[in-house]
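J.: no FASTA, just this:
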């Protein structure tokens, strides 16, 4: 069926104007999309660029038709070739999207090869048409005419569309309902448009339906992307809230009110912990076993974050409970180790230094399970590393025996214990703070109170690290033995 050519050109111009406008706005929208994945952005930028190229070539052909100039002839044939060629790549790009969503496994590569063969055949057919005019041709006035084999120029499109429909049906459970509806529109629409163009030869229905269906597909996929982002943000907010609560709960499980024992004047203790993440794996503890004995713990759980924090809570409770029964440090570590080795499927472990100070005699009995060396200052001396014998870390192997040792503290003696986050603090030059620098820092304030000592060490470490990220928890405890007055 034929209609007036001027009316057909007017309708086609309107279709093209709508198409160019929609595609151009979509490209700008894709680039400005804040919460759209980079892969999705890149895909739709290429997708709409191809559609814009397709429409633009058709517009140029329309404007140049009817001009017999030889220069026009070369240009009009070139843009028509590009128009037909790009139409094949548009369908192939859609195919890649469908294969990606369908995820047919090992068949994906084979399917891709099949579609590439279709695309290659389409391209070869267009090259052959340059010499045979089988699909289309131009007369001496540069007016476009469909050749006797015009229908065959759409065969590859139809085959590719049919194969895509098969994928939509075969893997329908993998497609979001909204995405499936948009893909069906994009696949079925052009087929209907091709049939309509066989009847209304002058009207380019394919242009309109291609733009409308592409825009709808883009809207659906970006809408889903934004919804997922919003869902992730809500989940992140929920996790942040829970982590904040976990941080508060963890902090409250550690002694954090100072002075810790205001009624006691025979010792002074202060401690701090700065986790590298919201929750940490380090912990310290101190508690009175009875009126004359003080238990002191410093520990570091392997790993970071929530798993380490959970393991830390269990370790802390076990150590304190077993210590409160009056067991010696070596026995405490042995029992806790056997308990933690039971059902330790995550293979986590904890380094522990535990000491029991006799507040009457000043004798400190301690045991070390793979932890950092303590630093001790005698009343008439300076801070020195105590290179005690290390036992195996707790949680690594059941049945391990630990050895206790004794240190004599006199009134005025101070004990500094810490986790490896202190000596291993690293600056931007990848230089470690180190144990020697730690001991030197302690000697600078050795006459100060435990609180002032820890505040000073913390400040020095932070000044050393500066803007470099904190990789490990920073935990310290300082105990001063005053003795009976």
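T.: Everything's here; your move. Being a predicted model, the structure only gives us computed values, none of them experimental. Numbering: from 1, shown residues only.

J.: Residue 164 reaches residue 187, doesn't it?
T.: Yes: taking Cβ atoms under 8 Å as the definition, residue 164 is a contact partner of residue 187 at 5.5 Å. For the C-beta atoms, the positions are set from N, CA and C on the backbone; glycine is no exception.

J.: what is in contact with those two at once?
T.: Contact criterion Cβ atoms under 8 Å, 6 or more residues apart in numbering; residues bridging residue 164 and residue 187 by contacting each: residue 94.

J.: Check which helices and strands whichever helix in the chain runs longest sits against.
T.: The longest helix of the chain (DSSP state H) is helix 205-253. Contacts defined by 3 or more Cβ pairs under 8 Å, 6 or more residues apart in numbering; DSSP states H and E place helix 205-253 against helix 5-32, helix 38-64, helix 177-199, helix 305-324.

J.: Can I get those helices in a markdown table including distance to residue 97 and mean pLDDT?
T.: Shown next, in a markdown table, are the helices and strands packed on helix 205-253 (distance: least, Cβ to Cβ, whole Å; pLDDT from 0 to 100):
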| stretch | distance to residue 97 | mean pLDDT |
| --- | --- | --- |
| helix 5-32 | 14 | 70 |
| helix 38-64 | 7 | 84 |
| helix 177-199 | 8 | 80 |
| helix 305-324 | 37 | 87 |
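
J.: Which of these sits closest to residue 440?
T.: Minimum separation from residue 440 across these (Cβ to Cβ) falls at helix 305-324, 30.0 Å.

J.: So which bits of that closest one are buried?
T.: By 16 or more other Cβ atoms under 10 Å, the buried positions in helix 305-324 come out as 305-306, 308-316, 318-320, 322-323.

J.: Then stretch 338-358?
T.: Buried positions in stretch 338-358, judged by neighbour count with 16+ other Cβ under 10 Å: 339-341, 348-357.

J.: Which ones among the residues you listed lie within helices?
T.: Reading helices off the buried residues of stretch 338-358 with DSSP H, I get 339-341.

J.: Find the helix or strand that residue 480 is a member of.
T.: strand 474-481 (DSSP states H and E).

J.: how far does that strand sit from the chain's center?
T.: From the chain centre to the centre of strand 474-481 is a distance of 37 Å (Cα atoms, centre = their mean, to the nearest Å).

J.: now it: mean pLDDT?
T.: Average pLDDT, strand 474-481: 95.

J.: and what of stretch 266-276?
T.: Mean pLDDT, computed over stretch 266-276, is 89.

J.: ditto for stretch 227-235
T.: So the average pLDDT for stretch 227-235 ends up being 86.

J.: Could you report the distance from residue 317 to residue 455?
T.: From residue 317 over to residue 455 the distance is 29 Å, taken as Cβ to Cβ, to the nearest Å.

J.: go on, residue 64?
T.: Relative to residue 455, and taking Cβ to Cβ, residue 64 is found at 82 Å.

J.: Give me the more crowded residue out of those two.
T.: Counted by other Cβ atoms under 10 Å, residue 64 and residue 455 do not tie: residue 64 has more neighbours, with 19 against 16.

J.: Report the contact partners of that one.
T.: 72, 75-76, 79, 142.

J.: Buried ones among these?
T.: Looks like the contacts of residue 64 have 72, 76, 79, 142 buried, using 16+ other Cβ under 10 Å.

J.: farthest-separated two in these?
T.: Among those, 79 and 142 lie farthest apart (Cβ to Cβ), at 11.4 Å.

J.: any idea whether the residue lying farthest from the centre of the chain is helix, strand or coil?
T.: In the chain, residue 140 marks the outermost C-alpha relative to the chain mean, sitting 61.7 Å out by Cα atoms, centre = their mean. Secondary structure of residue 140, reduced to three states by DSSP: H, G, I helix; E, B strand; the rest coil: coil.

J.: For it, report the pLDDT, please.
T.: With respect to pLDDT, residue 140 has a value of 85.

J.: what's the nearest residue to it if we skip its chain neighbours?
T.: In this structure, residue 140 finds its nearest non-sequential neighbour in residue 68, 6.2 Å apart by Cβ to Cβ, 6 or more residues apart in numbering.

J.: helix/strand/coil for the one you found?
T.: Per three-state DSSP, residue 68 ends up coil.

J.: Distance of residue 220 relative to residue 209?
T.: 16 Å.

J.: got it, and residue 414?
T.: 83 Å.

J.: With residue 24 instead?
T.: 18 Å.

J.: With residue 26 instead?
T.: Residue 26 is 16 Å from residue 209, by Cβ to Cβ.

J.: again with residue 458
T.: 68 Å.

J.: and the angle for the helix or strand encompassing residue 331 with helix 305-324?
T.: If you go by DSSP H and E, residue 331 is part of helix 329-341. Put simply, helix 329-341 runs at 140 degrees to helix 305-324, going by axes from the mean of the first three to the mean of the last three Cα atoms, to 10 degrees.

J.: And for helix 329-341, what's in contact with it?
T.: So helix 329-341 is contacted by 311, 314-315, 318-319, 322-323, 327, 349-350, 352, 354-356, 365-367, 369, 391-392, 394-404 (Cβ under 8 Å, 6+ apart).

J.: Among these, which lie within strands?
T.: Among the contacts of helix 329-341, DSSP state E puts 350, 352, 354-356, 365-367, 369 in strands.

J.: Helices of the stretch 351-485 of the chain, start to end?
T.: Along the stretch 351-485 of the chain, the segments classed as helices by DSSP state H, counting those that start in this stretch run 435-444, 450-465.

J.: Would you format these as JSON lines with distance to residue 146 and mean pLDDT included?
T.: Shown next, in JSON lines, are the helices of the stretch 351-485 of the chain (distance: least, Cβ to Cβ, whole Å; pLDDT from 0 to 100):
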{"stretch": "helix 435-444", "distance to residue 146": "85", "mean pLDDT": "96"}
{"stretch": "helix 450-465", "distance to residue 146": "75", "mean pLDDT": "94"}
